[in-house]
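> One predicted model, sequence on top.
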Amino acid sequence: MKRLRENSDRRISQSPDKFFRFLLENIDWNNRLIGISGARGAGKTTLILQYLKENFSSSEKAIYLELDDLYFAENSLIDFADIFYKEGGSLLVLDEIHKYKGWSHDLKLIYDRYDSLKVVFTSSSALELYKGSHDLSRRLIMYNLPGLSLREYANFRYGIELPKISFEQLITDSRDISFGLPKDLRPIKLFKEYQQYGYFPFFNDNIDTYHERLLNTLNLILENDLPIIFNIDFNSVLNLKKLISIIARIVPYKPNIKKLADQIGVTRETLLRYLFYLEKAHVFKWVGRDTHGINYLNKPEKLYLQNTNLIYALAEHSANIGAVRETFVLNQLSVNHNITYPGIGDFLVDGRITLEVGGKSKTKKQIAEIKDAYLIKDDIEFGATGIIPIWMLGLLY
């Protein structure tokens, strides 16, 4: 217990004081059971340590625990919670909870037994959370931490403060917003950087090895997370890698499920399940016609890599700029909005706003007859009626 307390104090004291993710102020910390999911490297650990530093830096009422600590190889989480509660503890912060076997069972017991003990946990494995959170659905409040927005990237790397705007503001006032930004801002240059290496905060460690680290993270997901959670074998992992390699070359991809299944050497049902796994693992994002969400019974209408950095990591010299644009739009909008496939145009936002994405010379011809349709253009700094600069979508969170 003493060693765990010392580790907690050290990690909290070393957390950064300068840059804070948007989610920190969006979480209702009064809830008794809070889960924070997100891709590996998104900044979940830093976020919870910053919260503890701000609110419990000199208090023993809270403790930060890493669930892969050897302590939990011989001791249960429920037993630790019992000791901590009896010694006056009020907040357990559990990092990487998916590394603790039976986590959902123990959290349920802690919640039911200790009504004045709050628990906050994180997990990089959205897949494991998807499986385990069903047992906690009536008790658990879940939040997702995406990678950095363009706005956050500008702040983190350069100290540039840009306003957070809503999608409604964007479609009605993009021109006024453009003129209200700092005069020395070079948004197109900033956007080009962000597309390649601005999504995960660890770019700050070493930009030169950023893509290598991103690919290493992808391998961890495929070789560690998926086999453990879904009991898939080595051949399945190889099939998943082959699938990613195929999709990376042709995104955005309108899947021919039978043809793709034949290429991989699996059944149609197995392929749909693979696509579902990879979406939950923050590798793919897919767009369907169904507004009720994603499941492995539905065929996606269009398939994308999860973020633009992943495109450049997998296909650095052959990245399709059209795919990069659409991926960015989908990635940023899907944080707070429901995105579906419209048939005409590229994306339908919340069932009512149609978006067409293109370069500087793109016209409205394709969406001219559609009500509430907007053109998202690359390589322009200022908006106009019905036209939104693509980089401005990076101000949404």
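Received the coordinates, thanks. Remember, predicted model here, so these are calculated numbers, not experimental data.

> where along the chain do the strands fall?
Secondary structure of the chain, counting by DSSP state E: strands at 33-37, 62-66, 91-95, 118-123, 141-144, 284-287, 302-305, 339-340, 347-349, 353-358, 373-377, 387-389.

> Same list, those, but as CSV with mean pLDDT and mean neighbour count please.
All C-beta spots, glycine's among them, are computed from the backbone N, C-alpha and C. Output for those, formatted as CSV (pLDDT from 0 to 100; neighbours: other Cβ atoms under 10 Å):
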stretch, mean pLDDT, mean neighbour count
strand 33-37, 96, 22
strand 62-66, 98, 22
strand 91-95, 98, 23
strand 118-123, 96, 24
strand 141-144, 94, 16
strand 284-287, 92, 23
strand 302-305, 94, 23
strand 339-340, 96, 20
strand 347-349, 98, 22
strand 353-358, 98, 21
strand 373-377, 98, 22
strand 387-389, 97, 22
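
> Any idea what residue 347 is bridged to?
residue 355 (DSSP bridges).

> wouldn't it be in contact with residue 289 here?
No: using Cβ atoms under 8 Å, residue 347 is not in contact with residue 289; the gap is 11.9 Å.

> so what sits against both of the two?
Both residue 347 and residue 289 are contacted by 340-341, under the criterion Cβ atoms under 8 Å, 6 or more residues apart in numbering.

> Quick check, central residue of this structure?
For the chain, residue 146 is the residue whose C-alpha lies nearest the centre (Cα atoms, centre = their mean; 3.1 Å).

> gap between it and residue 122?
Distance of residue 146 to residue 122, computed by Cβ to Cβ, to the nearest Å: 14 Å.

> residues shared between the contacts of those two?
Common neighbours of residue 146 and residue 122 (Cβ under 8 Å, 6+ apart) are residue 38.

> Can you list the low-confidence ranges for the stretch 201-350 of the chain?
Across the stretch 201-350 of the chain, the ranges flagged by pLDDT under 70 are 291-298.

> Any idea how many residues pack against the closest residue in space to residue 178 that isn't next to it in sequence?
Excluding its sequence neighbours, the residue lying closest to residue 178 (Cβ to Cβ, 6 or more residues apart in numbering) is residue 382, at 4.3 Å. Residue 382 has 14 neighbours, counted by other Cβ atoms under 10 Å.

> Please list all residues in contact with residue 382.
Residue 382 neighbours (Cβ under 8 Å, 6+ apart): 175, 178-179, 389.

> try 10 Å
Contacts for residue 382 were tallied using Cβ atoms under 10 Å, 6 or more residues apart in numbering; they are 174-175, 177-179, 181, 187, 389, 392.

> Buried among those? Make that a ChimeraX selection.
Command for ChimeraX that selects the buried part of those, burial taken from 16 or more other Cβ atoms under 10 Å:
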select :174,177,178,181,187,389,392
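
> Can you tell me which of the contacts of residue 382 comes closest to residue 85?
Distances from residue 85 to the contacts of residue 382, taken as Cβ to Cβ, are shortest for residue 392 (48.1 Å).

> The closest one contacts residue 188, doesn't it?
No: at 11.3 Å, residue 392 and residue 188 do not qualify as touching, with contact defined as Cβ atoms under 10 Å.

> Mind listing the shared neighbours of these two?
Common neighbours of residue 392 and residue 188 (Cβ under 10 Å, 6+ apart) are 380-381.

> that older thread, as CSV, the strands of the chain with distance to residue 161 would be great.
Shown next, in CSV, are the strands of the chain (distance: least, Cβ to Cβ, whole Å):
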stretch, distance to residue 161
strand 33-37, 25
strand 62-66, 29
strand 91-95, 29
strand 118-123, 27
strand 141-144, 24
strand 284-287, 29
strand 302-305, 30
strand 339-340, 28
strand 347-349, 27
strand 353-358, 27
strand 373-377, 24
strand 387-389, 19
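
> and of those strands, who's closest to residue 213?
strand 302-305 (16.4 Å).

> chain center to the closest one, what's the gap?
Computed by Cα atoms, centre = their mean, to the nearest Å, the chain-centroid distance of strand 302-305 equals 15 Å.

> packing partners for it?
Applying 3 or more Cβ pairs under 10 Å, 6 or more residues apart in numbering; DSSP states H and E, one finds that strand 302-305 contacts helix 234-250, helix 268-280, strand 284-287, helix 308-314, helix 321-333.
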